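# Structure for this input, please:
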Amino acid sequence: MFCIKMTCDDYTFISHSVPLEESKERIVAMVQQELQSYHRHDFKRVQNSTMIDAECRQKICEWSYRIVDHFRIDREIVLSSWYFIDRFLCNEVKECKPTMMRLLSMSALQLASKISGSRELTMSCMSSLSSNISADVLTKMEILLLRSLKWKVHPPTAKAVIRELMGLLAIKIDNYEVLKKVSEHAHFFAELSVFDSELASISVVEVAIASLLNALKLAGKSELSVVGESFFDDCRGMLKTQHVIGDIEFVQNLLWEVFLANEESAILRSNLTDTEPEAKRRRQDTRTCSPVSSMQYNP
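Predicted coordinates for the structure are as follows:
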């Protein structure tokens, strides 16, 4: 059980004015970018190893989101930082001790923040969040991380794909408030995807499409189920290939499982209808998310 709140930032919503063809071109470009330079299929080796267990991953994710929310930084950097972490673990190590994992996660988050243009998470700031990791040590870890990544530090993310795919939905849903809510919920599913190591090895396009389909269900309007089917067909037609989409229902169910493990899900599920997968229905501990009393790194 963990607790991450959904944010309602307007930047997650794409305007009707964005040309649909431009969005399609960018999505196809991200697909090619991932296939050629940022593939994830080999991340299954990390998933099937003992390098990082589910509890450790969950704690690092929670800590990362607390940090970016505290400094009001785009949550998308957490998705990028986890690509860095998973790629490093896949490339470099057979065993990762807690101290190494702490150093790696701090360095990855700082690197992702720096690349995004944010100036809040400096080395000295990150060092202050740990009682025994200096800025010099973080700098050395960053160099090691960059070498492992071969300086490929701009991975496409599910949130980036969602922003473009919203253009397809914008022509199908004429209610701005519904469209905005779907966008916010979809981005939240994408943000939760990093909690699951199995989702880490799945294409960000698949995660984005599954996130949007789940968000349509979460909106609680029966007429949106037809929109979801049409949207899925449009995605397949746009990508012009079957294997890129893969088993989207499998990805949807993985995302539902992570969503239902979040304490905040009870609030968001208040609008759910019987469209939610029956196998995923279960009672949750509905404790309120406790406020962050400290930014100290202590996963």
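
# Show me what counts as buried in the helix or strand hosting residue 253.
Counting by DSSP states H and E, the element that carries residue 253 is helix 248-260. Residues 248, 251, 252, 254, 255, 256, 257, 258, 259, 260 are the ones in helix 248-260 that count as buried (16 or more other C-beta atoms under 10 Å). Backbone N, C-alpha and C define where each C-beta goes, glycine included.

# can you name the two of those that are farthest apart?
The largest separation in the buried residues of helix 248-260, counting by C-beta to C-beta, is between 248 and 260 at 18.5 Å.

# hmm, back to that, which strands and helices sit next to the helix holding residue 253?
Under the contact definition 3 or more C-beta pairs under 8 Å, 6 or more residues apart in numbering; DSSP states H and E, helix 248-260 sits against helix 176-192, helix 197-200, helix 204-218.

# Quick check: which of those helices is buried the most?
Greatest average neighbour count among these goes to helix 204-218 (a mean of 26), per mean count of other C-beta atoms under 10 Å.

# Now the helix or strand encompassing residue 32 - C-alpha only, CSV.
Per DSSP H and E, residue 32 falls inside helix 20-36. Only the C-alpha atoms of helix 20-36 are listed here, as CSV (Å, rounded to 0.1, in the frame of the first residue of the first chain):
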residue,chain,number,x,y,z
LEU,A,20,-3.8,16.3,-35.4
GLU,A,21,-1.3,15.4,-38.1
GLU,A,22,1.5,17.0,-36.1
SER,A,23,0.5,14.9,-33.1
LYS,A,24,0.5,11.7,-35.2
GLU,A,25,4.0,12.5,-36.6
ARG,A,26,5.3,13.1,-33.1
ILE,A,27,3.8,9.8,-31.8
VAL,A,28,5.3,7.8,-34.7
ALA,A,29,8.6,9.6,-34.0
MET,A,30,8.5,8.5,-30.4
VAL,A,31,7.8,4.9,-31.4
GLN,A,32,10.8,4.9,-33.6
GLN,A,33,12.9,6.6,-31.0
GLU,A,34,12.1,3.9,-28.5
LEU,A,35,12.6,1.1,-30.9
GLN,A,36,16.0,2.3,-32.1
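
# buried stuff in it?
23, 24, 26, 27, 28, 30, 31, 33, 34.

# Give me the pLDDT for the second one.
Spelled out, it's residue 24. What the model reports as pLDDT for residue 24 is 85.

# ok, the spatially closest residue to it that is not a sequence neighbour - contacts?
Using C-beta to C-beta, 6 or more residues apart in numbering and skipping the chain neighbours, the partner closest in space to residue 24 is residue 238 (5.5 Å). Contacts for residue 238 (C-beta atoms under 8 Å, 6 or more residues apart in numbering) come out as 24, 27, 28, 168.

# Among those, give me the pair with the biggest separation.
Greatest spatial distance among those (C-beta to C-beta): 28 and 168, at 13.1 Å.

# starting at the chain centroid, how far to stretch 163-179?
Between the centre of stretch 163-179 and the centre of its chain there are 20 Å (C-alpha atoms, centre = their mean, to the nearest Å).

# so where's this structure shaky on pLDDT?
8-18, 45-51, 93-95, 222-223, 241-246, 267-299 (pLDDT under 70).

# Quick check: chain neighbours aside, which residue is closest to the residue positioned nearest the centre of it?
Of all residues in the chain, the one closest to the mean position by C-alpha atoms, centre = their mean is residue 191, 3.4 Å from it. Residue nearest to residue 191 in three dimensions, not counting chain neighbours: residue 75, with 5.4 Å by C-beta to C-beta, 6+ apart.
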